[in-house]
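Asks: Sequence first, then the predicted structure:
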Amino acid sequence: MRERAEQLHEIKKRQVRQVLRIDINLVYIIINILILYFLLKKFLIKPLDNILAKRQAKVDGMLNNASTKESEAIQLKEKYENQIAAVQTESDQMVEQAKKDAQFERDKILNQANDEAKSIVGKARETVALEREKAMREMEAEVAGLAMTAAEKILRDKSGAESDQLLYDQFLDKAGDSNDTDLN
């Protein structure tokens, strides 16, 4: 058994030596790997790196463009919101001014209407007063005329108390009739 163990140990040593042994095939394999590496690097890896770099640059450009567009959109949005707020404020001011103007016009029209109404009422009162005064003068003139007529008749007819009573009744009848017609 010991022999068997020694044989196995010997076999392992040979295998390690074969693995560690450098011969010409190993040199050719290393040269082939290096040539393959440089060829792959030159014809495969560099073009792929260039393509990836171009794509990365394109993506970066698109991201920068999107970022720029987003900031422009935000600025435009703020600008439009400010304009809308300014227009709303201006609209509110215009509405307020229109309300004030309408109130002023309303007050002006009411004042004019009140002044005209006062003027009309004043003129009507003056007209009524003048008409009353005119009617009073006419009545006074008629009463004076009737008194004169009665005085004339009294002087002509100096008859007695009976005729005086008759004349007085006639005077009252005429004065009452003329007074009644003037009031209508």
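Replies: Noted; the coordinates are in hand.

Asks: three-state assignment of Asp92?
Replies: Recorded secondary structure, Asp92: helix (DSSP: H, G, I helix; E, B strand; the rest coil).

Asks: what's the pLDDT at it?
Replies: Asp92 carries a pLDDT value of 93.

Asks: Just the mean pLDDT for stretch 8-21, thanks.
Replies: 72.

Asks: correction: stretch 41-51
Replies: In this model, stretch 41-51 has a mean pLDDT of 90.

Asks: One more: stretch 95-102?
Replies: 93.

Asks: same check, this time on stretch 73-83
Replies: 93.

Asks: Could you give the separation of it from the chain centroid?
Replies: 19 Å (CA atoms, centre = their mean, to the nearest Å).

Asks: ditto for stretch 87-97
Replies: With CA atoms, centre = their mean, you get 6 Å for stretch 87-97.

Asks: please begin residue numbering at 50 from this point
Replies: Noted, 50 is the first residue going forward, which turns the last one into stretch 136-146.

Asks: Run a quick neighbour tally on Val144.
Replies: If you count neighbours by other CB atoms under 10 Å, Val144 ends up with 10. Every residue, glycine included, has its C-beta placed from N, CA and C.

Asks: Sorry, slip of the keys, the one I care about is Glu180.
Replies: When neighbours are defined as other CB under 10 Å, Glu180 has 10 of them.

Asks: which residues does it contact?
Replies: Applying CB atoms under 8 Å, 6 or more residues apart in numbering, one finds that Glu180 lies in contact with no residue.
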